[in-house]
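**Q** Got a predicted structure here, sequence first:
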Amino acid sequence: AQSVTQLGSHVSVSEGALVLLRCNYSSSVPPYLFWYVQYPNQGLQLLLKYTSAATLVKGINGFEAEFKKSETSFHLTKPSAHMSDAAEYFCAVSVGAAGNKLTFGGGTRVLVKP
Amino acid sequence: ETGVTQSPTHLIKTRGQQVTLRCSSQSGHNTVSWYQQALGQGPQFIFQYYREEENGRGNFPPRFSGLQFPNYSSELNVNALELDDSALYLCASSQAGGIKDTQYFGPGTRLTVL
């Protein structure tokens, strides 16, 4: 069975600093990986997804993620944090015969300091 | 293009009662998935419907049931409510049940069980 681990339930960054959110997955078959963002009292919005094309994936709002099979990782980065990036971020995996059933990590809450 | 909508926004029930949550999928989408998100956790897959048939189920008891209608809208029914059922219930739709397909989430229904 697949699983997702997000290291760090809370991350605090200064405005303008690098944002790095870590995601490691466990899967016996090639996975498809997603990052979603959730603003307070809202649903989830897709930031980006990896579907076995380029390993470096660019998403919305300046975010990108790199798929590293050898490290079973799919970390999310943004070069310069903005106050509007304060939210909760979820990494998710979809594999094989499960169709597009998503297995989510526990989430990382990002706080941006002025 | 209308996104995924859910109703009601909030709901308060007591233990033992039954509840029905509703979801309208995005235009052109024939697949609906339901997720439960407990406070401070990532969403957990409940089940998925593809063209009115159940297409996968997560680790939830039978008192969680669902329907999908010919217009691809969907209902989630929960019988014999327990305190632990208090959560945000998210509905997501996708164009088909394919592994790479992006799921688009609604804003959720916040259920409180007293």
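**A** Now that the structure is in, tell me what you want to look at.
**Q** what does chain A have sitting close to chain B?
**A** By Cβ under 8 Å from any Cβ of the partner chain, the residues of chain A that approach chain B are A:4, A:32, A:34, A:36, A:41-46, A:49, A:51, A:90, A:92, A:94-96, A:98-107. C-beta here means a position set from N, CA and C on the backbone, and glycine is covered the same way.
**Q** switch the cut-off to 6 Å
**A** A:32, A:42-44, A:46, A:51, A:90, A:94, A:99-101, A:104-107 (Cβ under 6 Å from any Cβ of the partner chain).
**Q** Compare these and tell me which is most surrounded.
**A** A:Leu44 (29 neighbours; other Cβ atoms under 10 Å in any protein chain shown).
**Q** Determine whether the claim that A:Ser84 is in a helix is correct.
**A** Yes: counting by DSSP: H, G, I helix; E, B strand; the rest coil, A:Ser84 falls inside a helix.
**Q** Give the burial count for A:Ala1, as a bare number.
**A** For A:Ala1, using other Cβ under 10 Å, the count is 8.
**Q** thinking again about what came up before, out of the residues of chain A next to chain B, the closest to B:Val113 would be?
**A** Using Cβ to Cβ, A:Gly43 comes nearest to B:Val113 of the residues of chain A next to chain B, at 20.8 Å.
**Q** Do a quick rundown of the strands in the chain.
**A** All of this refers to chain A. Secondary structure of chain A by DSSP state E: the strands cover A:3-7, A:10-14, A:19-26, A:31-38, A:44-50, A:56-58, A:64-68, A:73-78, A:87-95, A:103-104, A:108-113.
**Q** Sorry, I should have been clearer: chain B.
**A** B:5-7, B:10-13, B:19-24, B:31-37, B:44-50, B:53-57, B:64-68, B:74-78, B:87-94, B:104-105, B:109-113.
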